[in-house]
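Visitor: Model the structure of this input:
(chains A, B, C and D)
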4 protein chains.
Amino acid sequence: MSHFKFEHQKIEVGQTPTGEKHFINVIDLISNEDGPFVYIQSSVHGAELQGNMVIQKLIEYFQANPFKGRLRFVPLANPEATNHKMGQYTYGRFNPQTGHNWNRNYIDIFSPTNQKKTGFELSSFLDTLLKNNASLTYDQLIFEMKKFLLKALEKYAQFDSNYGSPAQNGRLNLELQKLASQADIVLDFHTGPIATRYIYCPEYAFDRALAFGFPHYLVIPHEFAGAMDEACFSPWVYLDDYIKSYHPSAYKSLTAERENLIHTQSFTLEFGSEEFISYIDAIKDRALVLNYLKTQGICEAWSDKSETPEIAWCPLENFKTYYSVGGGLCDYHLRPGDRFDKNDKLYTLYHLNNDYSNSPLPFQTQTVEANESGIVINHSTSSAVTLGAEVYQVMENPRFI
Amino acid sequence: MSHFKFEHQKIEVGQTPTGEKHFINVIDLISNEDGPFVYIQSSVHGAELQGNMVIQKLIEYFQANPFKGRLRFVPLANPEATNHKMGQYTYGRFNPQTGHNWNRNYIDIFSPTNQKKTGFELSSFLDTLLKNNASLTYDQLIFEMKKFLLKALEKYAQFDSNYGSPAQNGRLNLELQKLASQADIVLDFHTGPIATRYIYCPEYAFDRALAFGFPHYLVIPHEFAGAMDEACFSPWVYLDDYIKSYHPSAYKSLTAERENLIHTQSFTLEFGSEEFISYIDAIKDRALVLNYLKTQGICEAWSDKSETPEIAWCPLENFKTYYSVGGGLCDYHLRPGDRFDKNDKLYTLYHLNNDYSNSPLPFQTQTVEANESGIVINHSTSSAVTLGAEVYQVMENPRFI
Amino acid sequence: MSHFKFEHQKIEVGQTPTGEKHFINVIDLISNEDGPFVYIQSSVHGAELQGNMVIQKLIEYFQANPFKGRLRFVPLANPEATNHKMGQYTYGRFNPQTGHNWNRNYIDIFSPTNQKKTGFELSSFLDTLLKNNASLTYDQLIFEMKKFLLKALEKYAQFDSNYGSPAQNGRLNLELQKLASQADIVLDFHTGPIATRYIYCPEYAFDRALAFGFPHYLVIPHEFAGAMDEACFSPWVYLDDYIKSYHPSAYKSLTAERENLIHTQSFTLEFGSEEFISYIDAIKDRALVLNYLKTQGICEAWSDKSETPEIAWCPLENFKTYYSVGGGLCDYHLRPGDRFDKNDKLYTLYHLNNDYSNSPLPFQTQTVEANESGIVINHSTSSAVTLGAEVYQVMENPRFI
Amino acid sequence: MSHFKFEHQKIEVGQTPTGEKHFINVIDLISNEDGPFVYIQSSVHGAELQGNMVIQKLIEYFQANPFKGRLRFVPLANPEATNHKMGQYTYGRFNPQTGHNWNRNYIDIFSPTNQKKTGFELSSFLDTLLKNNASLTYDQLIFEMKKFLLKALEKYAQFDSNYGSPAQNGRLNLELQKLASQADIVLDFHTGPIATRYIYCPEYAFDRALAFGFPHYLVIPHEFAGAMDEACFSPWVYLDDYIKSYHPSAYKSLTAERENLIHTQSFTLEFGSEEFISYIDAIKDRALVLNYLKTQGICEAWSDKSETPEIAWCPLENFKTYYSVGGGLCDYHLRPGDRFDKNDKLYTLYHLNNDYSNSPLPFQTQTVEANESGIVINHSTSSAVTLGAEVYQVMENPRFI
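Guide: Numbering: from 1, shown residues only, chains lettered A, B, ... in the order given. Predicted coordinates:
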């Protein structure tokens, strides 16, 4: 007898002009033993493929090894984007019809505007809940909040549906957000352009996130800017703020055994470079995920764990982008993961010679140096750059653990 | 001797990988007589071409006829976008590298974040100005504010310039915003997809804007959402709010002869459908602009003025989008400018038959009716629509003048 | 009891990276009475949509009215192309991965190269057939040739299949060609860019094609350039040539009641402009098809027939393209269907002024006149044109019937 | 005093809708000593960048070292293509307006059709030349033929110029072809997608081309398929054939000191992978070019020459493409340059599971093995592949020198 059962849902997230339907596959592995609900998706940016291999390897692992709770996987979460080929490449970062970045399209469901749209007001909900349940436990709070959250999202999806539902325009994102809304842990698998492994981690969860053992951590503030991780922690940040401010004694009792009430831990995991998969790398990538899940009580000791690397981290404001100082051909002197010092050469730009009166050389060079020491996190996928194009993203003045 | 002189600037707004430069041309017509500063640009969305013809016709007019003040024209304001051909079409609505909508990329220069970036704080500026000038006149206020605004924008452009200036990423928009920042009147020439003539008009300027004589007015709130018109009135909205709240007696005196201190009048004018120009239509389009400029004291009686049409208008919240209820082929039953009643047929969607067991017909039909009466403002440029695609934009329950 | 039965096949023509499959639907209406096999497809160029409506209307007609033979319909014959949206438009003329024009990708199955690939040599086949059947009838010849043709195409599809079948690269076209290969009449429904109604008609079938009643006929030579119509008549042109040259007495007897042995009549029908459908226009478009099918003994008298227009035609070499004389904005002075005389103005190009020292006007104009008299068949879908871009296609010095 | 002088030409090859012009830069280094004319261009496929660095390094070398003859360089030969960014990538393989592959767009100037267009018939030219010059030397023949060739190309460019010159549609290619037409040696610098270094070499020049020392040689037949190398040798192949057939005694005398009369040596050099440049690699790439130029008497002993590698080669028919056997995610097991045996694993395709009733695993795998032994020359730039997409190109059953 198996240690788990699984469920599969196929959810329509789009229709093409010729009537083809885009579906996502939702795979739930449900343990015989209670435990957290973990939600994992990959490839919301259509060209970011490696996460799919990591999901494959994770499911292989959980088929063979015990775990607790419910594990939900949504591989290839954005078929429209992954299938939009231009030349051999995948034009998958934003919607080619509208320009909307696929990972800036989620909903801040309890923003004032959205509360007005849905009629689901977090403050009244919490007031009522706390008033009616003098001795509300943390688990009850979480349970009621998740229900409320899902209902609010479902209401949002119906908004103005007699106009063809404007929410259709972001239907994929809304479906994914609903699927993730009941989870305790949300892992969004991305990649950079040409990139190393790194993770976006909200401040409140930084300590716990160290268990992943990623080599690079970007610590982000508790603000909403449209991404999945933010959409998942944002309702709990509001909840935490509100109870702390307006129900201080309840807050005191509910946080007796925890730091705060931001329940959902959500992270964006970046597994290297876009456009490619590697089964071999996926084994190492899986280890990062299992490292963390073990500390959350979901699976047992994970012996494959590679030696803990030195961990570099910085707050998001130290994650700096170097923009091209001109149009030209860019020779990247550093690779993702490389460390550099202040004044080290980052890249040389070859500009077409604008005056051949003195020299027959076609190109003039301009070399850009680092403003501060740092670590290269990623660089662009092309040497052909326009003025102002993103060239490098670096972790500046990193701290080490 | 001419009644005006003209100046021409060529401003670099981009560089390509092969070292070609994108320039915009700024054409200033400066009258011998003082008067307002009018700024007019066209084709920021690369496929929206008709405004260029209107600019051509306006300049022809002002060459032959007297005017007051300074008239600044920036035709073909976005060469990168207008030149980005995909098939025969122009992929001009957003940056094909980043997805950024070219008309949602301007700066709210006095937002808290941006004030922090630039160090230019509107409140301290106004406090100082009003404290030091007990009897400040309206004209002095405008003069000082324009100077302050330009400096703030210039500072913003320098922000983090040792990283290749992240502002480069939006360099075009910033250059345009600077060029417009000294104007009293800003006209941004756009078109819809397949569209009628209409205008976006901020509430505070609605009365004056009626002089254009556009057949359709969308009245927008004083909020910033990234567009040129908003970027131009937004600083003045902040100024008006601040002086009214914190310097009430000065406010009272400064508004003795005017309703408020929102000085710059900025509008987005939509001249029909994208991808095409028509010299003949441009003559009629020019008349709309001259109608308005006359009432602003810039030019003389305009005799070409066509008979005033009935004007339909609505607040922005009544400007409704119908999104496609499915993927399929869309037969548009109404054309831009058409009026319709509640329950009138708007469009029929032909869905590919999903079950041929009963009928050999390839398509099943679904007809969508109007929720309320209204006027068609525009529809999509294609019948091949995905689920959730924009189909129509309509003025719902319009009011008439 | 119905006068026909129908069959439906769903054929896979592609697979996307996320495992979605592209299918085409093949709908056969089979009369109780024997008669010709008619093959009709639409939207091989993904943005050319109106043919789908014509197919819908044709099937509606044949459901209600008697006909003879087999009618095969393949609507939306290229889902990959119709679904490839860029902005609101459809990037449907060529494969976005390879650049291959979807209607130049068919196979000249009896070219020397392809005969070598498949081992199916037309000359040996005909030699054997005629040697073994001294009194071969025309019907037998057609029957045997169709079988041979299909086998050759099937063999081609298997070529080098252990390399993933290079034919997969053109799988869609090959499937369509196979589906059409058994037909006696092949109608390929296209549209122009912004276009009138016109038809491409091979010389040998011109007389018969007049029955359509299209207003404009382009008469093409019997050469292969990759299009569907050519791919369908090409095998019969080879057959006709070969028997005439090498089996003259058989040829004489087989052509006793006909002009030649080019059996399949194939045409490309252009139903107006791309990107849009119109149910109302489809009724008139259907009349053109029914006009012709009636003369082929497929259906009965067609009373809806609109008054026969004057028919203009020219050989393909008189179908001239005007290419833009520069980069600029193009004001089209004529619409599809318009007639013009030599020296009439065709278009005015607005070039950005390259020297503002004398004039503030942003644009200089250049007007292009007609070299000869003619009829506008189509023009480009955009006024934003590059040097050398197709501007107009015209029928030059047309002849009238 | 310098050992050479240089000339620079800027040639317009296109105009954009906003009036920007695309130019190419032609840089001629002319030695004080007579010698061959070498033509070198790079980046005709817009994303293939490394050749530009090789040109930079070559010119640096020739500035410092003696050489003979004339060296012509055209770096960044296709600005329209290199500048067409889609996301961070370069959509540079074919014209995004027409789908025409930029390296299949050259002219077979002495094909029957083109001779008819231009009126320049090679056979009459040769007949006359040989008749009037009984003792024509090889050098005279070359001199006269080059003149004739250039005139024919110039005439072609004028064809139908009153229709806006249809040749404008391929103006870039024609300009490049004219610039190369006077050269004795033509080197076209390309790259593969993800690729090793390799060279396309016509049969007649294979022996001489070994001097380059490329690790991989693809030996191509003397046929025209639209590429630059073919367009450059094709006129000479015709010439060689014609004189051999129709002027045998002249042929005998002209070939006394050479194998044949195919004068121009033209090659396509593939410098690794697209989208990136590397200055460091360019030094090694330059050595390959200098190796060859030395044997052609153009420059002196080249001491930087790396150890001669083992050279692998095959005829073009052994250059095999593996097409994807399905849509899915492709894990490439081999890298460019890797050797493999028959039945070695080439790639594993991960197909989305189409039936979750038995297994929760999202992907099913299919591994494709090699049909024969070989060397990987290149593979696709993405793991997201459609059915029939190019996956690998390999040299099958290579021979070694």
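
Visitor: and the stretch 201-350 of chain A, which residues reach chain D?
Guide: Residues of the stretch 201-350 of chain A lying near chain D by Cβ under 8 Å from any Cβ of the partner chain: A:275-279, A:329-332, A:348, A:350. All C-beta spots, glycine's among them, are computed from the backbone N, C-alpha and C.

Visitor: Now the buried members of these.
Guide: Among these, those buried by neighbour count (16 or more other Cβ atoms under 10 Å in any protein chain shown) are A:275-278, A:329-332, A:348, A:350.

Visitor: Please, where are all the strands along the stretch 1-150 of chain A?
Guide: With DSSP state E, counting those that start in this stretch applied, the stretch 1-150 of chain A shows strands at A:4-15, A:21-31, A:37-42, A:70-74, A:85-86, A:89-90, listed in chain order.

Visitor: among those strands, which is nearest A:Tyr322?
Guide: Taking Cβ to Cβ, strand A:89-90 is the member of those nearest to A:Tyr322, at 22.8 Å.

Visitor: Stretch A:25-36 and chain D in contact?
Guide: Yes - shown here: stretch A:25-36 in contact with chain D (Cβ under 8 Å from any Cβ) through A:25, A:27, A:29.

Visitor: So which of these is the closest to B:Ala77?
Guide: Set against B:Ala77, the nearest of the residues of stretch A:25-36 next to chain D by Cβ to Cβ is A:Asn25 (45.4 Å).

Visitor: quick one: pLDDT of that closest one?
Guide: We have a pLDDT of 98 for A:Asn25.

Visitor: Which residue, neighbours along the chain excluded, lies closest to A:Phe340?
Guide: In this structure, A:Phe340 finds its nearest non-sequential neighbour in A:Ala370, 5.2 Å apart by Cβ to Cβ, 6 or more residues apart in numbering or on different chains.

Visitor: What about the one you found? Give its phi and psi, please.
Guide: Main-chain torsions, A:Ala370, degrees, to the nearest 10: phi -70, psi 140.

Visitor: can you list the strands of the stretch 1-150 of chain A in JSON lines and add mean neighbour count and distance to chain C?
Guide: Formatted as JSON lines, the strands of the stretch 1-150 of chain A follow (neighbours: other Cβ atoms under 10 Å in any protein chain shown; distance: least, Cβ to the nearest Cβ, whole Å):
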{"stretch": "strand A:4-15", "mean neighbour count": "16", "distance to chain C": "10"}
{"stretch": "strand A:21-31", "mean neighbour count": "20", "distance to chain C": "7"}
{"stretch": "strand A:37-42", "mean neighbour count": "25", "distance to chain C": "11"}
{"stretch": "strand A:70-74", "mean neighbour count": "25", "distance to chain C": "12"}
{"stretch": "strand A:85-86", "mean neighbour count": "23", "distance to chain C": "5"}
{"stretch": "strand A:89-90", "mean neighbour count": "27", "distance to chain C": "8"}
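
Visitor: Of all the ones you listed, which one comes closest to A:Ile142?
Guide: So among those, strand A:37-42 is nearest, using Cβ to Cβ, at 10.5 Å.

Visitor: any idea how chain A splits into domains?
Guide: A:4-309, A:319-396 (automatic domain parsing).

Visitor: In helices, which of the buried ones among the residues of the stretch 201-350 of chain A next to chain D appear?
Guide: Applying DSSP state H to these, no entry is found in helices.

Visitor: Any chance of JSON lines for the residues you listed, columns distance to chain C and pLDDT?
Guide: Putting those into JSON lines (distance: Cβ to the nearest Cβ, whole Å; pLDDT from 0 to 100) gives the following:
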{"residue": "A:Glu275", "distance to chain C": "11", "pLDDT": "98"}
{"residue": "A:Phe276", "distance to chain C": "12", "pLDDT": "98"}
{"residue": "A:Ile277", "distance to chain C": "11", "pLDDT": "98"}
{"residue": "A:Ser278", "distance to chain C": "16", "pLDDT": "98"}
{"residue": "A:Leu329", "distance to chain C": "24", "pLDDT": "98"}
{"residue": "A:Cys330", "distance to chain C": "26", "pLDDT": "98"}
{"residue": "A:Asp331", "distance to chain C": "29", "pLDDT": "98"}
{"residue": "A:Tyr332", "distance to chain C": "27", "pLDDT": "98"}
{"residue": "A:Thr348", "distance to chain C": "32", "pLDDT": "98"}
{"residue": "A:Tyr350", "distance to chain C": "26", "pLDDT": "98"}
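
Visitor: so where's chain A shaky on pLDDT?
Guide: Scanning chain A for pLDDT under 70 picks out A:1, A:166-169, A:301-308.

Visitor: In space, not sequence, find me the middle residue of it.
Guide: By Cα atoms, centre = their mean, chain A has its centre lying nearest to A:Thr268, at 2.8 Å.

Visitor: what's the helix or strand for the closest residue to that one other than its chain neighbours?
Guide: Nearest residue to A:Thr268 in three dimensions, chain neighbours excluded: A:Tyr200, at 4.0 Å (Cβ to Cβ, 6+ apart). In the assignment (DSSP states H and E), A:Tyr200 maps to strand A:197-202.

Visitor: who touches that strand?
Guide: By Cβ atoms under 8 Å, 6 or more residues apart in numbering or on different chains, the residues outside strand A:197-202 that reach it are A:192, A:209, A:212, A:214-222, A:229, A:233, A:262, A:265-272, A:285, A:288, A:377.

Visitor: try it again with 6 Å
Guide: Contacting residues not belonging to strand A:197-202 are listed as A:209, A:214-220, A:233, A:267-270, A:272, A:377 [Cβ atoms under 6 Å, 6 or more residues apart in numbering or on different chains].

Visitor: right, and the helix or strand after it?
Guide: Next along the chain after strand A:197-202, taking DSSP H and E as the criterion, comes helix A:206-209.

Visitor: continuing past that next one, what's the next helix or strand?
Guide: Going down the chain from helix A:206-209, the next helix or strand is strand A:216-220, by DSSP H and E.

Visitor: For the helix or strand following that following strand, which outside residues touch it?
Guide: Using DSSP H and E, the next helix or strand after strand A:216-220 towards the C-terminus is helix A:228-246. Residues outside helix A:228-246 that contact it (Cβ under 6 Å, 6+ apart) are A:106, A:108, A:110, A:122-123, A:126, A:149, A:177, A:180, A:186, A:188, A:202, A:222, A:224, A:251, A:260-264, A:266-268.

Visitor: quick one, helix A:228-246 and strand A:216-220 angle?
Guide: Here helix A:228-246 runs at an angle of 40 degrees relative to strand A:216-220 (axes from the mean of the first three to the mean of the last three Cα atoms, to 10 degrees).

Visitor: Show me what counts as buried in helix A:228-246.
Guide: Buried, per 16+ other Cβ under 10 Å, within helix A:228-246: A:228-244.

Visitor: May I see the buried residues of whichever helix or strand comes after it?
Guide: Once the chain leaves helix A:228-246, the next helix or strand it forms, by DSSP H and E, is helix A:248-254. Judged by neighbour count (16+ other Cβ under 10 Å), helix A:248-254 contains these buried residues: A:250-251, A:254.

Visitor: Next, the angle strand A:216-220 makes with the next helix-or-strand element following helix A:248-254.
Guide: Under the assignment DSSP H and E, the closest C-terminal helix or strand after helix A:248-254 is strand A:265-273. Orientation check (the same axes, to 10 degrees): strand A:265-273 against strand A:216-220 gives 140 degrees.

Visitor: For strand A:265-273, what is the distance to the chain centroid?
Guide: 5 Å (Cα atoms, centre = their mean, to the nearest Å).

Visitor: do the same with stretch A:351-369
Guide: Worked out by Cα atoms, centre = their mean, stretch A:351-369 lies 41 Å from the chain centre.

Visitor: Quick check on the contacts of helix A:228-246: which are buried?
Guide: A:106, A:108, A:110, A:122, A:126, A:149, A:177, A:180, A:186, A:188, A:202, A:222, A:224, A:251, A:260-264, A:266-268.

Visitor: Test of understanding: give the bridge partners of A:Leu187.
Guide: A:Ile40, A:Phe267 (DSSP bridges).

Visitor: so who does it touch?
Guide: A:40, A:267, A:269.

Visitor: And those, which is closest to chain D?
Guide: Among these, A:Ile40 lies closest to chain D (Cβ to the nearest Cβ), at 11.1 Å.
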